[in-house]
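Peer 1: Coordinates for the following, if possible.
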Amino acid sequence: MDIRDMRYFYTIVEEGNISNASKRLNIAQPALSRQMKQLESALGAQLFERGSRRIRLTEAGQLLRARVEQILGLVDGTMKEMTEFNSGLGGTISIGTVTTSGFTLLPNLISRFHSLYPNVTFQLWEGDGFRILELLDNGVIEVGILRAPFDSEIYESITLPDEPLVIAMKKDKCYCGEDPENVRLIELNNQPLIIPLRWKNLFVDWCAKAGFTPKIVCISDGIVLNILWTKVGIGMALVPKSTEGLISDSALTYKKIIEPTVSTQTVIVWLRNRKLSASSKHFLELLRETFK
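Peer 2: Numbering: from 1, shown residues only. You can find the predicted model right below:
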């Protein structure tokens, strides 16, 4: 198995099917299919489940995906480092971000950075916080943007100002509290709640201190999905306040949690003891200047 095989395999995984992958790779679909069958033969393992329009990985395929992600991350990172070494500041910054933080933070920040370093390009990955840390660990990205908490012994970080947590609720269903802008934590007692996995333990602790056990109907780190569940009346979603700007809907209202006020923090993280590219170092310097 060589780097080409890995890129072919990983492209298929990213695109979800052979047809789209062949177009992206500019390879005939039958030739790409043969290449993957040869790879399976060489490895002595079936990588894909047959009979599905969308690619499904076997257990062996999932293992290979994780390893290939690591290897390609190292290869691409090395290429970027050598490009910068030979031609000065340039190359690509690979960033992973959770949805709400990327929406509120990145557009203006990248615009400012691009005006300072026009030869640098960006590759962006989106996912939940656990996925962003996985991409960092595997060397696929250099910089991650996610919500606290995280392991400070493994990652260095820049912490942004606190952001209030709010409850998204449907106006004509699952509505609670008379205040149009705020909801007291105790008023969430016996209400159906949709809670991100990242904040589940913290939220349960907050509720315990307020004297009740929350009625959690769903645990999910997909902020957009959680809002869609809220729109159909399944429950009320705990989200960062910036979600209001990301998803505005006349059927929904967002209330700040008070008594006590609870908040989250966006953090910019990167692996300790990992050599960063010159462009990523400049990007982090801009972040420090912006939020000092």
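
Peer 1: Isn't residue 212 up against residue 186?
Peer 2: Yes. Between residue 212 and residue 186 there is a contact under C-beta atoms under 8 Å: 6.8 Å. C-beta here means a position set from N, CA and C on the backbone, and glycine is covered the same way.

Peer 1: show me the contacts for residue 240.
Peer 2: Neighbouring residues of residue 240 by C-beta atoms under 8 Å, 6 or more residues apart in numbering: 100, 147, 163, 164, 165, 166, 223, 264.

Peer 1: With residue 32 instead?
Peer 2: 8, 12, 18, 21, 22, 25.

Peer 1: Try it again at 10 Å.
Peer 2: Applying C-beta atoms under 10 Å, 6 or more residues apart in numbering to residue 32 gives the contacts 8, 9, 11, 12, 18, 19, 21, 22, 23, 25.

Peer 1: Can you classify the residue nearest to the first one when sequence neighbours are not counted by secondary structure?
Peer 2: The reference is to residue 8. Nearest-residue entry for residue 8: residue 35, 5.7 Å, with adjacent residues in sequence omitted and distances by C-beta to C-beta, 6 or more residues apart in numbering. What DSSP: H, G, I helix; E, B strand; the rest coil gives for residue 35 is helix.

Peer 1: follow-up on the earlier one: greatest separation within the contacts of residue 240: which pair is it?
Peer 2: Among these, the pair separated by the greatest distance (C-beta to C-beta) is 164 and 223, at 14.9 Å.

Peer 1: Between these two, which has more neighbouring residues?
Peer 2: residue 223 (25 against 15; other C-beta atoms under 10 Å).

Peer 1: and the gap between the residue of the chain most remote from its centre and residue 170?
Peer 2: Centroid-distance maximum for the chain: residue 178 at 34.8 Å, with C-alpha atoms, centre = their mean. Distance of residue 178 to residue 170, given as C-beta to C-beta, to the nearest Å: 16 Å.

Peer 1: same question, residue 70
Peer 2: Residue 70 is 43 Å from residue 170, by C-beta to C-beta.

Peer 1: Give me the domain ranges for this protein.
Peer 2: Domains of the chain are assigned by automatic domain parsing as 1-69, 162-262.

Peer 1: These: which one's closest to residue 280?
Peer 2: domain 1-69 (18.6 Å).

Peer 1: Do you have the strands of the stretch 101-250 of the chain handy? List them.
Peer 2: Along the stretch 101-250 of the chain, the stretches classed as strands by DSSP state E, counting those that start in this stretch are 121-126, 143-147, 155-170, 182-184, 192-195, 215-219, 236-240.

Peer 1: any chance of the ones you listed in TSV, plus mean pLDDT?
Peer 2: Below are these laid out as TSV (pLDDT from 0 to 100):
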stretch	mean pLDDT
strand 121-126	90
strand 143-147	93
strand 155-170	92
strand 182-184	92
strand 192-195	95
strand 215-219	95
strand 236-240	93
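
Peer 1: Turn these into a markdown table, columns for distance to residue 247.
Peer 2: Listed next are the strands of the stretch 101-250 of the chain as a markdown table, based on distance: least, C-beta to C-beta, whole Å:
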| stretch | distance to residue 247 |
| --- | --- |
| strand 121-126 | 15 |
| strand 143-147 | 17 |
| strand 155-170 | 8 |
| strand 182-184 | 18 |
| strand 192-195 | 14 |
| strand 215-219 | 17 |
| strand 236-240 | 9 |
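
Peer 1: quick one: which of these is nearest residue 48?
Peer 2: Set against residue 48 and scored by C-beta to C-beta, these come closest in strand 121-126, at 22.8 Å.

Peer 1: What strands flank the closest one, and is each parallel or antiparallel?
Peer 2: Strand 121-126 pairs in its sheet with strand 92-97 (parallel), by DSSP bridges.

Peer 1: Any idea how far the strand it pairs with is from the middle of the chain?
Peer 2: 11 Å (C-alpha atoms, centre = their mean, to the nearest Å).

Peer 1: what mean pLDDT does it have?
Peer 2: Across strand 92-97, pLDDT averages out at 91.

Peer 1: And what about residue 77, helix, strand or coil?
Peer 2: helix.

Peer 1: doesn't residue 123 make contact with it?
Peer 2: No. Using C-beta atoms under 10 Å as the test, residue 77 is too far from residue 123 to be in contact (11.4 Å).

Peer 1: Can you pick out the residue with more neighbours from the two?
Peer 2: More crowded of residue 77 and residue 123, by other C-beta under 10 Å: residue 77, with 22 against 13.

Peer 1: excluding its backbone neighbours, what's nearest that one?
Peer 2: Nearest residue to residue 77, sequence neighbours excluded (C-beta to C-beta, 6+ apart): residue 139, at 5.9 Å.
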